[in-house]
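> Structure here, sequence nowhere to be found:
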């Protein structure tokens, strides 16, 4: 059965400066970098629409006018909000707090994941948590060494499998109720990390595990890998 999420809201965080992309992000934001014959944000929006999600909130910042103009030209409508060029991730979300009247999905503008959002939202609702983080397994390429206070090794793990946050989450309307302004106003992602740890201690953070296609573009090297992964994934699925 096809998912229907017509009343679901999606917040897209697309205001970062993308410094690690080098020259690629000097004229355009990361969300406008092409993956195949479309931009990353177009791929994201098409997937969201295929899941029935049409209510989009764009949290802008860096190159906000460029991105907004591009989206409107492509008839990708929604609510546009700009918390400022130097606003941190948590501040950008807080800036649209008044629009969060129900469980709302958040996605980073530089990530693409083929998530079944109906399943994600049901998982979040059942957890009764304020936040659900979408995580995926990743193999650490290094051997991890542990040692005690006498600098004697007491553990070695060769290329362990770790679970990492892939830039998708669900927040509840009461998410900001226990957060002070000094946390909300922290730069970059520091405020979000602080908030997550606060709610972890309160047992209010749920985890949703995901194992399908997920791509993050943070650097030129990531982009090259993403192009290969993206092509292989869709070539395989189109042949099924």
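On my side now, so go ahead. Owing to the predicted nature of the structure, the values given are computational and were not obtained by experimental measurement. Numbering: from 1, shown residues only.
> where's the nearest residue to residue 157 once chain neighbours are set aside, which helix or strand?
Setting aside the residues directly before and after it, residue 157 is nearest to residue 144 in space (Cβ to Cβ, 6 or more residues apart in numbering), at 4.6 Å. Placement of C-beta: from N, CA and C, glycine included. Assigned by DSSP states H and E, residue 144 falls within strand 143-147.
> now what about the helix or strand following that strand, what contacts it?
Sequence-wise, the next helix or strand beyond strand 143-147 is strand 153-158, with elements assigned using DSSP H and E. Judged by Cβ atoms under 8 Å, 6 or more residues apart in numbering, the contacts made with strand 153-158 from elsewhere in the structure are 143, 144, 145, 146, 147, 148.
> What's the local residue count around the residue nearest to residue 157?
The burial count assigned to residue 144 is 12, neighbours taken as other Cβ atoms under 10 Å.
> biggest strand in this protein, by residue count?
With DSSP state E applied, the strand covering the greatest number of residues in the chain is identified as strand 161-171.
> Just the buried residues of that strand, please?
165, 166, 167, 168, 169, 170, 171 (16 or more other Cβ atoms under 10 Å).
> now that strand: mean pLDDT?
Confidence over strand 161-171, taken as the mean pLDDT, stands at 92.
> Mind giving me the packing neighbours of that strand?
With contacts taken as 3 or more Cβ pairs under 8 Å, 6 or more residues apart in numbering; DSSP states H and E, strand 161-171 sits against strand 104-108, strand 111-113, helix 117-127, strand 131-139, strand 205-209, strand 214-216.
> Now with 6 Å, please.
Using 3 or more Cβ pairs under 6 Å, 6 or more residues apart in numbering; DSSP states H and E as the contact criterion, the elements in contact with strand 161-171 are strand 104-108, strand 111-113, strand 131-139.
> That strand pairs with which strands, parallel or anti?
Sheet pairing of strand 161-171 (DSSP bridges) gives strand 104-108 (antiparallel), strand 131-139 (antiparallel).
> Buried residues in the longest one, which are they?
Just to be clear, that refers to strand 131-139. Buried-residue list, strand 131-139, by 16+ other Cβ under 10 Å: 131, 132, 133, 134, 135, 136.
> What separation do you get for residue 72 and residue 151?
Relative to residue 151, residue 72 is positioned 59 Å away (criterion: Cβ to Cβ, to the nearest Å).
> actually residue 202, not the one I typed
Residue 202 is 35 Å from residue 151, by Cβ to Cβ.
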